[in-house]
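A.B. asks: Following is a predicted model, sequence given first.
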Amino acid sequence: MKGRFDLIISDIDGCLGPERHGPVDADGLARVSAWNRRSIGAGGPAVTLCSGRPQPYAEAICRVIANDAAPIVCEMGVWLYDPRDNRYIIDPAITPGDMETVRACTAWIRHDLAPRGFVMQPGKTASISLWHADTDFLMKHIPAIRDRVAAEGWNFRIGHTVAWVNLELAHVSKGSGIDRLTRMMNTPRGRLAGIGDTMGDMAIRERVAFFACPANADPGLKAHADFVATREEIEGVLEILEVIGREP
């Protein structure tokens, strides 16, 4: 089962799990786990992860899908978790000054935004993800958040997913995390496949030889895909794995 690829780098939300809150498809994850066990055991590619999710959540998904062969990228590149020897590796480019920026911004959010219903995703170390029960209200605040970040000189990149606004250190990203991962594994671009669903996953697209999307992906990202599944989320991922398994 060696085939064309050594690693398949997949996003979590919108791919292996639902984009919005709700139960994960445990049966689907079990099927990905079975695929990984067969593939890794036969010397083939491992499905690994690249996600904005906090490290503990991403590690849990890593364990569920039976990836014990390759590091995962967590918290938009802040962390790599290596299941081969249970190592947690923070990006060495993150400085004490960066951590002070995160603390200062967190204090502002708690003082000014939390009373209005904004919630910070727990478990993050060097980035901030904001949620609100009213998603439209949350997204309308992006310009004001940008203005405050610029006024304070905080070194953040600001983006959003379907239900979250993300403040991330400008020099740390999914892309920098994948670069660290592939250096650790000594895996060239030509031996990498990727799976994503939002424009933030262009960082995966740009670093792999074959890129695929589930049917629910952003149309803008689908335009850059080598293959688009007919099914959504994890069912689409399983369809993509079938296609990759047929690659010579």
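C.D. replies: Thanks, I have the structure now.
A.B. asks: how close does Ile72 sit to Ile61?
C.D. replies: As judged by CB to CB, to the nearest Å, Ile72 and Ile61 stand 8 Å apart. C-beta here means a position set from N, CA and C on the backbone, and glycine is covered the same way.
A.B. asks: which neighbours do those two share?
C.D. replies: Shared contacts of Ile72 and Ile61, defined by CB atoms under 8 Å, 6 or more residues apart in numbering, are found at Leu49, Ser51.
A.B. asks: of the two, who's got more company?
C.D. replies: Just comparing Ile72 and Ile61: by other CB atoms under 10 Å the higher neighbour count belongs to Ile72, 26 against 21.
A.B. asks: List the contacts of His224.
C.D. replies: Met202, Arg205, Phe211.
A.B. asks: scratch that, Thr106
C.D. replies: Met120, Ile128.
A.B. asks: From the chain's centroid, how far away is the helix or strand that contains it?
C.D. replies: Per DSSP states H and E, Thr106 falls inside helix 96-108. On the basis of CA atoms, centre = their mean, to the nearest Å, helix 96-108 sits 22 Å off its chain's mean C-alpha point.
A.B. asks: likewise stretch 37-56?
C.D. replies: 13 Å.
A.B. asks: Run a quick neighbour tally on Asn186.
C.D. replies: Neighbour number of Asn186 under other CB under 10 Å is 8.
A.B. asks: Now do the contacts for the residue nearest the centre of the chain.
C.D. replies: Nearest residue to the geometric centre of the chain (CA atoms, centre = their mean): Ser51, 1.4 Å. By CB under 8 Å, 6+ apart, Ser51 lies in contact with Asp11, Ile12, Asp13, Tyr57, Ala58, Ile61, Ile72, Val73, Cys74, Glu75, Met76.
A.B. asks: Brilliant, that's me finished.
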